[in-house]
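In: take a look and give me a structure for this.
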Amino acid sequence: MKKLLLLPLLALVLSGCDTVNTVERANPEMTPDYVAAKKVVTDPSLADIVSIENVIQSTVSGNLLKIQVELKNKTNSYHRFLYRFQWFDKDGMQVTRAAPPWRTSQVEGRETVYVSGVSPSPNAADFRLELLDSLNPTSGGVGGTSSNPRSRTPGK
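Out: A predicted model of the protein is given here:
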């Protein structure tokens, strides 16, 4: 009989694990500068997992462009991905000579995370965020520190 009572109680406790309690100002003072984002999907498997919710820009250190992107995991599972920012001047020319290295981030199921980048030069007027699935071997990303995720050895 005790086991029969424990099952509904356990189900009730586990069903509450999908929510997160939060606290924030009743009257927020922030005024985000939202950026209209154009999305180009080249990895449909990642697009089914992580969605871009918002893109916000600001200026730091006087004249460097800072971009913050809000990403949401649309699944119930943990997921790891790679990302990098490319920076461009007002004429559309890439600001740096070499491609920036890939960075790793992870997101729990249904969680929202923020990734950000700061331009390396005050000449940067625009950006591109690239996302790559690091758990799907067919997309090429699996750990390591190379700036080319396609050259990584699986399992490292």
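In: where along the protein do the helices fall?
Out: 2-15, 44-47 (DSSP state H).
In: got the buried residues for the last one?
Out: Same thing as helix 44-47. For helix 44-47, burial by neighbour count (16 or more other Cβ atoms under 10 Å) applies to Leu46. To be clear about C-beta, it is placed using only N, CA and C from the backbone, and glycine gets the same treatment.
In: counting by contacts, list what that helix packs against.
Out: When contacts are defined as 3 or more Cβ pairs under 8 Å, 6 or more residues apart in numbering; DSSP states H and E, helix 44-47 sits against strand 126-133.
In: what mean pLDDT does the strand it packs on have?
Out: Averaged over strand 126-133, pLDDT sits at 93.
In: what's the answer for stretch 52-72, then?
Out: Averaging pLDDT along stretch 52-72 yields 95.
In: quick revisit: which one of the helices of the chain has the lowest average pLDDT?
Out: helix 2-15 - the lowest mean pLDDT of the helices of the chain, at a mean of 52.
In: if I look at the spatially most central residue of the chain, how far off is Gly109?
Out: Nearest to the mean C-alpha position of the chain, by Cα atoms, centre = their mean, lies Leu71 at 4.5 Å. To Gly109, Leu71 is 13 Å away according to Cβ to Cβ, to the nearest Å.
In: all strands for the chain, in order.
Out: In the chain, the strands defined using DSSP state E lie at 50-60, 64-73, 79-88, 103-107, 112-118, 126-133.
In: give the buried residues for stretch 60-79.
Out: Neighbour-count burial for stretch 60-79 flags 64-65, 67-69, 71, 73, 79 (criterion: 16+ other Cβ under 10 Å).
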